[in-house]
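> return atomic coordinates for the entry below.
(2 chains)
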Amino acid sequence: KNEVEQSPQNLTAQEGEFITINCSYSVGISALHWLQQHPGGGIVSLFMLSSGKKKHGRLIATINIQEKHSSLHITASHPRDSAVYICAVLQGAQKLVFGQGTRLTINP
Amino acid sequence: DTGVSQDPRHKITKRGQNVTFRCDPISEHNRLYWYRQTLGQGPEFLTYFQNEAQLEKSRLLSDRFSAERPKGSFSTLEIQRTEQGDSAMYLCASTGQYEQYFGPGTRLTVT
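Below is the predicted model:
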């Protein structure tokens, strides 16, 4: 079993829908990252959080440390949100352990 | 552009050849990471440097792989005697504190 599990692995939705991607982890962490990867490979950090909730534009990330679970929400989804979203946990001395990613496709 | 650059962006090589990739991190960042990502999977940790010291290596990093960061600035990752299983995206990231900034990656194809 992977230390970081994401669900769903693939998600297709219509423009405007509310999107939720889930991440569960089984190890102790100092922080959790949500990352976005577009075709071509470049990875951009969306959020780093260790408790509670963060919001940036239409993106919201939450984490429940006790339950070892985090969610990434996208409100009013748009085709430009189509990408792979990766959850990664920070362990010990700054080492990231990654989930397998969720491929999101938003259709117009 | 995150400020982390990698060169080359793409590399096609024949099995058995050696390849070397370069990563230039954000200049004030003292930690530098190498990750490998195969198709459809999340990245996997390979190794990490604090300044010029290589502090951790994954079991994924066989003896055909070597990484250096000679002056605590740029880093190189060399793969000797490449195998088809080495085909992947090789990602570099740097950090000063917690947040990691990723380079665009080098896509390696071994034929």
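> okay, CA-based contacts and neighbour counts for the rest of this
Fine.
> Three-state assignment for the residue sitting nearest the centre point of chain B, please.
Closest residue to the average C-alpha location of chain B: B:Trp34 at 3.7 Å, with C-alpha atoms, centre = their mean. State at B:Trp34, reduced to three classes by DSSP: H, G, I helix; E, B strand; the rest coil: strand.
> please name the nearest non-neighbouring residue to A:Trp11.
To be clear, residue A:11 is Leu; Trp isn't right here. Counting by C-alpha to C-alpha, 6 or more residues apart in numbering or on different chains, A:Leu104 is the residue found nearest to A:Leu11 once chain neighbours are left out, at 4.9 Å.
> hmm, back to that, so what's the residue nearest to the centre of chain B bridging to?
For B:Trp34, the beta-bridge partners are B:Thr47, B:Cys92 (DSSP bridges).
> how near is it to chain A?
The spacing between B:Trp34 and chain A, counted by C-alpha to the nearest C-alpha, to the nearest Å, is 10 Å.
> out of the helices and strands in chain B, which is least certain?
Using mean pLDDT, DSSP states H and E, the weakest-scoring helix or strand in chain B turns out to be strand B:53-57, at a mean of 90.
> strands paired with it, and their directions?
Strand B:53-57 has the following sheet partners, assigned by DSSP bridges: strand B:44-50 (antiparallel).
> which residues does the partner strand contact?
When contacts are defined by C-alpha atoms under 8 Å, 6 or more residues apart in numbering or on different chains, strand B:44-50 is touched by residues A:95-98, B:30-37, B:54-61, B:67, B:69, B:72.
> just the buried residues from those, in PyMOL please.
Of the contacts of strand B:44-50, the buried ones go into a single PyMOL selection, burial set by 16 or more other C-alpha atoms under 10 Å in any protein chain shown:
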select buried, (chain A and resi 95+96+97+98) or (chain B and resi 30+31+32+33+34+35+36+37+54+57+67+69+72)
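> now do the same contact list for the residue nearest to A:Thr102 when sequence neighbours are not counted.
For A:Thr102, ignoring the flanking residues on the chain, the nearest one in space by C-alpha to C-alpha, 6+ apart is A:Gln9 at 4.5 Å. Contacts here follow C-alpha under 8 Å, 6+ apart; on that basis A:Gln9 touches A:Gln100, A:Gly101, A:Thr102, A:Arg103.
> cool, and A:Gly40?
Counting by C-alpha under 8 Å, 6+ apart, A:Gly40 makes contact with B:Pro104.
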